[in-house]
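Have a look at this prediction, sequence included:
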Amino acid sequence: MNLTIEQLVAEVGLPYTTIRMYQNRGLLPPPERRGRVGYYGPDHLARLRLIAQLQERGYSLAAIKDLVETWQTGRSLPDVLGIERSAVGVLGASAPMRLRPEELAERFAGIDLTSDAMARAYELGLVSFDGDAVVINAPVFLEVGAELVKMGVPVTEVLDEYEHLRQIADELAERFAAVFERNLWQPFVDAGMPAGQVSRLTESLEQLSPLAEAIVTATLHQALAAVAARFLDRQAQALADQPPARTRTKKAVKR
């Protein structure tokens, strides 16, 4: 697709002066020149639509320029704000672990790790493969999973529960992210992303992960305690409802 400036104006519904202004501010790359005519392609259209979307969400042109330049150089939002990547990662996350197949099998002594189970773990992102090595992407799940299997929980059920737990965790993460966006990020954007507020925003983002983990952990502990208490109550009631065992006496045998 190659459009002249007139065709581009008609395509995106923006005035000629606005497109020129975007170019002058560095928001839009210049057209490809062929002689005296400039032509705009799909990348220009995508950029103009992105600018429109960001403006609808309240971003100033200066903020949009910073974001566009960041993405062009392959950097991310934390790079724009000067945030260490560890600050926005998962608290307590550990580096991947590399194991030989026999070393992985030793973690599940006596348990047959079938090809189907390994394929499922791969699909869930728990493991990957690098040559002859098995890369454990989340070692903590390997340790917990191995303990559950030793307790008698089948590998397939461990993987089922992990998949379900991951869905719940994704939903919780989205909720915390939405809280941050509504109450901290959006006011920052509405103010034009002033440099003087970056430090406070960075501190808030750094605190988000440990705070979220703390409240989720505390809530889970409360829920587990309540479930355990109800389970024990049900079992005690079930035992109480059972009829007493009959006492059998042996009759004396007369000789």
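In hand now; what should we look at? Numbers count the residues shown, from 1 in each chain.

in stretch 187-207, what's buried?
188-189, 193, 201-202, 205 (16 or more other CB atoms under 10 Å). For glycine as for every other residue, the C-beta is placed from the backbone atoms N, C-alpha and C.

first vs last residue of it, how far apart are they?
End-to-end distance for stretch 187-207, by CA to CA, to the nearest Å: 18 Å.

what's the spacing between that stretch and its chain's center?
Taking CA atoms, centre = their mean, to the nearest Å, the mean C-alpha location of stretch 187-207 is offset from the chain mean by 22 Å.

which ones are touching residue 26?
The neighbours of residue 26, taking CB atoms under 8 Å, 6 or more residues apart in numbering as the test, are 65, 69.

circling back: out of the buried residues of stretch 187-207, which one has the weakest pLDDT?
Across the buried residues of stretch 187-207, the smallest pLDDT goes to residue 193, namely 76.

was I right about it contacting residue 64?
No - taking contacts as CB atoms under 8 Å, residue 193 lies outside contact range of residue 64: 9.6 Å.

one step back: show me the buried residues of stretch 187-207 that map onto helices.
Among these, the members found in helices (DSSP state H) are 188-189, 201-202, 205.

which one of those sits closest to residue 177?
Distances from these to residue 177 were compared by CB to CB; the smallest belongs to residue 205, at 10.4 Å.

That closest one contacts residue 180, doesn't it?
Yes - here residue 205 reaches residue 180: they are 7.1 Å apart, a contact under CB under 8 Å.

quick check: domain ranges of the chain?
Domains of the chain are assigned by automatic domain parsing as 5-75, 97-239.

quick revisit: pick out the most distant pair among the buried residues of stretch 187-207.
Greatest spatial distance among these (CB to CB): 189 and 202, at 14.9 Å.

any low-confidence regions in the stretch 1-150 of the chain?
Applying pLDDT under 70 to the stretch 1-150 of the chain picks out residues 1, 70-94.

ok, which stretches of it are helices?
If DSSP state H, counting those that start in this stretch is used as the criterion, the helices of the stretch 1-150 of the chain fall at 5-12, 16-24, 42-56, 61-72, 77-81, 101-107, 115-123, 139-151.

Take these and write them to TSV, including distance to residue 219.
Listed next are the helices of the stretch 1-150 of the chain as TSV, based on distance: least, CB to CB, whole Å:
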stretch	distance to residue 219
helix 5-12	48
helix 16-24	47
helix 42-56	35
helix 61-72	35
helix 77-81	28
helix 101-107	30
helix 115-123	28
helix 139-151	19
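
is it possible to export these to a markdown table including mean neighbour count and distance to residue 234?
Converted to a markdown table, the helices of the stretch 1-150 of the chain look like this (neighbours: other CB atoms under 10 Å; distance: least, CB to CB, whole Å):
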| stretch | mean neighbour count | distance to residue 234 |
| --- | --- | --- |
| helix 5-12 | 15 | 65 |
| helix 16-24 | 14 | 67 |
| helix 42-56 | 15 | 53 |
| helix 61-72 | 16 | 55 |
| helix 77-81 | 15 | 48 |
| helix 101-107 | 13 | 34 |
| helix 115-123 | 14 | 33 |
| helix 139-151 | 15 | 21 |
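
which one of those lies closest to residue 132?
Taking CB to CB, helix 101-107 is the member of the helices of the stretch 1-150 of the chain nearest to residue 132, at 7.4 Å.

Just the CA atoms of the closest one, as CSV, please.
C-alpha atoms of helix 101-107 as CSV (Å, rounded to 0.1, in the frame of the first residue of the first chain):
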residue,chain,number,x,y,z
PRO,A,101,16.7,-36.2,32.1
GLU,A,102,18.1,-38.7,34.7
GLU,A,103,18.4,-35.9,37.3
LEU,A,104,14.8,-34.9,36.7
ALA,A,105,13.7,-38.6,37.0
GLU,A,106,15.5,-38.8,40.4
ARG,A,107,13.2,-36.0,41.7
